[in-house]
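**Q** next comes the sequence, and after it the predicted model I'd like to discuss.
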Amino acid sequence: MGYVRFLLAAIVAAYHTGFYTILQTVGALAAVEAFFLISGFYMAAAYVRYYRDSPVAFWASRYSRLYPFYALALVLTYPVHRWFPYNNEMQLFSFFAAPDRSWLINFSMLGLDMYSVNEREHHLLLVPQAWSIGAELIFYVLVPLMVRLRPTILAVLTILAFAGKAALLTYVGWRWAYYPFFGQIGFFLLGVWLYFMRDWLTWPKFVAYTLAALYTIYVLAADFADVDLHAGALNTVALTVATAIITPTLFKHMNGRISTLLGDLSYGVYLIHMLVIQIGIGLKWIDLSATDTRVVLFQVAWVIVVSSLTALGFEIFVQKGIDVWRRKRFYSAPKPVANRASPDGTSPSYAIDRLSIALAAEPTGPANKHQ
């Protein structure tokens, strides 16, 4: 699954660098929503395995996993602003000139999703794409409740959440349907439901790589898949179904070291790529108005490579030590889980698989060009 998370983060970075001028893809907005679905699956797995009776430890552990790289992005933003004081194409430096800037929201990472509902306030965020991380933090508060629900109840809540999103989009506007946590919770709930239904939804190992390849082709070749701004509902449903199909199988069969590393890097790529783009613009290496295929491909490759190397260096030299401390401090010993009745009354085994659970943040987790 780390590969898919990295792919979605790369789609976000590529979209913000103008990749859509030569290849449309599912788009950055939709990539974020697919990330929320995967996150729901991962966080249900993580909580059940490591935190079943410790919701506070779960939330603290996730926050301490997410905040360090976010802090790095904050710290790097100011010197880049001083380096290129007259460039603000990515809307990262509006904070420094605004009299009513929010220090608490920017530096706590809390409430970023709600702050983003207002377009002007969204542009006062130092790391605007981190709005999705603010939404994730609220989802993490709700995970201990979600994992205690029967699959039928989770399914009903998921349907209601998507209905609520449709109502927000219809009557209030796309920003209310997209940015707040309650506009995106349907995808996260669907991921949690998938985790508890995985016994029926996991394909054999030999199918996993085929699914990954087909999913890659789909997300790169499809039309925009976000119902919020660009696309119709059908494209959104198609991406959601495709992501739901691959998640249980890839989670079980593609969790090796490389996949885990890619999953770890996806968070860093997601959070730092807009600052990397701004640096490229300041150096005149990136022109967001470019339409020449070779130029766009070079720009996209440069942004993804630099963002990935930054994330990799941070993982090796900083995050690795933090994770050692985090796991010692917050993890509980894995506990067996009692069987849970399925919707049809049978009782399949829901014992926790002995899988390598990649606990990096999701993603975003990815954002859109308005972020």
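**A** That came in fine, so what should we check first?
**Q** below-threshold pLDDT in the stretch 51-200 of the chain: ranges please.
**A** Applying pLDDT under 70 to the stretch 51-200 of the chain flags no residue at all.
**Q** let's go with 90 and repeat that
**A** Scanning the stretch 51-200 of the chain for pLDDT under 90 picks out the ranges 52-53, 85-86, 100-101.
**Q** again with the stretch 201-350 of the chain
**A** Applying pLDDT under 90 to the stretch 201-350 of the chain flags the ranges 229-232, 255-256, 332-350.
**Q** now with 80?
**A** Under the criterion pLDDT under 80, the flagged ranges of the stretch 201-350 of the chain are 333-350.
**Q** now do the helices in it.
**A** 205-221, 233-253, 257-282, 293-314, 320-330 (DSSP state H, counting those that start in this stretch).
**Q** for Y178, which of those helices is the nearest?
**A** Comparison of the helices of the stretch 201-350 of the chain against Y178 by Cβ to Cβ identifies helix 233-253 as nearest, at 11.5 Å. The C-beta positions use only the backbone N, C-alpha and C, and glycine is treated the same way.
**Q** any idea of the angle the closest one forms with helix 205-221?
**A** Here the directions of helix 233-253 and helix 205-221 differ by 150 degrees (axes from the mean of the first three to the mean of the last three Cα atoms, to 10 degrees).
**Q** CA atoms only for helix 233-253 - export them in CSV, please.
**A** Provided in CSV are the C-alpha atoms of helix 233-253 (Å, rounded to 0.1, in the frame of the first residue of the first chain):
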residue,chain,number,x,y,z
ALA,A,233,-20.4,12.0,-9.3
LEU,A,234,-19.7,9.1,-11.6
ASN,A,235,-16.0,9.7,-11.8
THR,A,236,-15.8,10.1,-8.0
VAL,A,237,-17.7,6.8,-7.5
ALA,A,238,-15.4,5.0,-9.9
LEU,A,239,-12.2,6.2,-8.1
THR,A,240,-13.7,5.3,-4.7
VAL,A,241,-14.7,1.8,-5.9
ALA,A,242,-11.3,1.2,-7.5
THR,A,243,-9.4,2.3,-4.3
ALA,A,244,-11.7,0.2,-2.2
ILE,A,245,-11.1,-2.9,-4.4
ILE,A,246,-7.3,-2.7,-4.2
THR,A,247,-6.8,-1.7,-0.5
PRO,A,248,-7.4,-5.0,1.3
THR,A,249,-5.4,-7.0,-1.2
LEU,A,250,-2.4,-4.6,-1.4
PHE,A,251,-2.4,-4.1,2.4
LYS,A,252,-2.0,-7.9,2.9
HIS,A,253,0.4,-8.7,0.1
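**Q** that one to helix 257-282, inter-axis angle?
**A** Following the same axes, to 10 degrees, one obtains 130 degrees for the angle between helix 233-253 and helix 257-282.
**Q** off-centre distance for stretch 188-195?
**A** 14 Å (Cα atoms, centre = their mean, to the nearest Å).
**Q** which residues are in contact with it?
**A** For stretch 188-195, contacts defined as Cβ atoms under 8 Å, 6 or more residues apart in numbering pick out 36-45, 48, 139, 143, 146-147, 151, 154-155, 157-158, 161, 201, 240, 244, 247-248.
**Q** just the buried ones among these, please.
**A** 36-45, 48, 139, 143, 146-147, 151, 154-155, 157-158, 161, 240, 244, 247-248 (16 or more other Cβ atoms under 10 Å).
**Q** all helices for the stretch 51-200 of the chain, in order.
**A** In the stretch 51-200 of the chain, the helices defined using DSSP H, counting those that start in this stretch lie at 55-83, 103-108, 112-115, 119-122, 131-146, 151-171, 174-178, 181-196, 198-201.
**Q** I185 contacts L160, correct?
**A** No. At 9.8 Å, I185 does not count as touching L160 under the criterion of Cβ atoms under 8 Å.
**Q** and the two? Which one has more around it.
**A** Set I185 next to L160 and count neighbours by other Cβ atoms under 10 Å: I185 wins out with 24 against 13.
**Q** got the buried residues for stretch 44-62?
**A** Quick answer for stretch 44-62 (16+ other Cβ under 10 Å): 44-52, 54-55, 57-62.
**Q** alpha carbons only: can I get that stretch in CSV?
**A** Extracted C-alpha coordinates of stretch 44-62, given in CSV (Å, rounded to 0.1, in the frame of the first residue of the first chain):
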residue,chain,number,x,y,z
ALA,A,44,-8.4,0.8,12.0
ALA,A,45,-5.6,-1.8,11.6
ALA,A,46,-3.2,0.2,13.7
TYR,A,47,-5.6,0.9,16.5
VAL,A,48,-6.9,-2.6,16.8
ARG,A,49,-3.4,-4.1,16.9
TYR,A,50,-1.5,-1.6,19.0
TYR,A,51,-3.9,0.7,20.9
ARG,A,52,-7.2,-1.2,21.5
ASP,A,53,-7.7,0.1,25.1
SER,A,54,-5.6,3.3,24.8
PRO,A,55,-7.4,6.0,22.6
VAL,A,56,-5.3,8.8,24.2
ALA,A,57,-2.1,6.9,23.4
PHE,A,58,-3.3,6.4,19.8
TRP,A,59,-4.0,10.0,19.2
ALA,A,60,-0.7,11.2,20.9
SER,A,61,1.2,8.6,18.9
ARG,A,62,-0.3,9.7,15.6
